[in-house]
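In: just coords:
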């Protein structure tokens, strides 16, 4: 199935609880594929998939190489995840043995999304986390026409990643979890 819209979320410290909250509050018929890059060691991903599956009616899947994105599905990255496009279909390129500094690497995911055709609308969200992962990816995504939103300092457990992203993309919207969930719902509604 050819996709028109994708949602990408990057998170680190404090992220799992926020991701639970987001998925719990999205409607059961939320139409978009959601791709999540939560800093976490690969051995813990299967358990995280089960945890998230318990709070949403959408399919929650661990990314594997060659997997095609589908509507109303949640994809959990591990290792190094990139997106590629063939004939309007979007697939994952996945390498479990990543040498990148963060696992999974949010920049790698967002930069690959930025290269997808302009007919596919993209929204990138950066949640709480230490460091600067996701900032350069968000900048590329924004420059390619994507929508970016970052968690606010007041809301974030650790305001490292959202702060760095905001420095590179000052035009992006900033908000707490209520505002982020509202923006995600609105983005999903505009896709149907």
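Out: Now that the structure is in, tell me what you want to look at. Since the structure is predicted, the reported quantities are computational estimates derived from the model, not experimental observations.

In: Only C-alpha atoms from now on, for both contacts and neighbour counts.
Out: OK.

In: Just say helix, strand or coil for residue 2.
Out: coil (DSSP: H, G, I helix; E, B strand; the rest coil).

In: ok, it to residue 19 distance?
Out: As judged by Cα to Cα, to the nearest Å, residue 2 and residue 19 stand 26 Å apart.

In: Burial check on the closest residue to residue 145 other than its chain neighbours, number of neighbours?
Out: Distances taken as Cα to Cα, 6 or more residues apart in numbering put residue 118 closest to residue 145, at 7.5 Å, once the chain neighbours are dropped. Residue 118 has 12 neighbours, counted by other Cα atoms under 10 Å.

In: still on that earlier bit, if you count surrounding residues, which of residue 2 and residue 19 has more?
Out: residue 19 (20 against 14).

In: Which positions in the helix ranked longest in the chain come out as buried?
Out: Using DSSP state H, we find that the single longest helix of the chain is helix 177-189. Along helix 177-189, these residues count as buried under the neighbour rule (16 or more other Cα atoms under 10 Å): 177, 180, 181, 183, 184, 185, 187, 188.

In: Out of those residues, which comes closest to residue 145?
Out: Ranked by distance to residue 145 (Cα to Cα), the buried residues of helix 177-189 are led by residue 187 at 14.1 Å.

In: excluding its backbone neighbours, what's nearest the closest one?
Out: Residue 187 sits nearest to residue 123 (Cα to Cα, 6+ apart), 7.7 Å away.

In: now do residue 100
Out: Counting by Cα to Cα, 6+ apart, the residue nearest residue 100 is residue 80, at 7.7 Å.

In: Please tell me how far the residue nearest to residue 145 sits from residue 144.
Out: 8 Å.

In: Residue 4 now?
Out: Taking Cα to Cα, one finds residue 4 at 15 Å from residue 144.

In: can you check residue 157 too?
Out: From residue 157 over to residue 144 (counting by Cα to Cα), the distance is 29 Å.

In: All the strands of this structure, in order from the start?
Out: Shown for the chain, the strands assigned by DSSP state E span residues 5-11, 34-38, 59-62, 73-76, 80-86, 89-95, 121-126, 147-151, 173-175.

In: list the contacts for residue 58?
Out: 28, 72, 73, 74 (Cα atoms under 8 Å, 6 or more residues apart in numbering).

In: between those, which is nearest residue 11?
Out: residue 74 (14.7 Å).

In: before we move on, the earlier item: most widely separated two among the buried residues of helix 177-189?
Out: Most distant of the buried residues of helix 177-189, by Cα to Cα, are 177 and 188, 16.3 Å apart.

In: Tell me the confidence at the residue of the chain most remote from its centre?
Out: Relative to the C-alpha centroid of the chain, counting by Cα atoms, centre = their mean, residue 87 is the outermost residue, at 22.8 Å. Looking at residue 87, its pLDDT reads 86.
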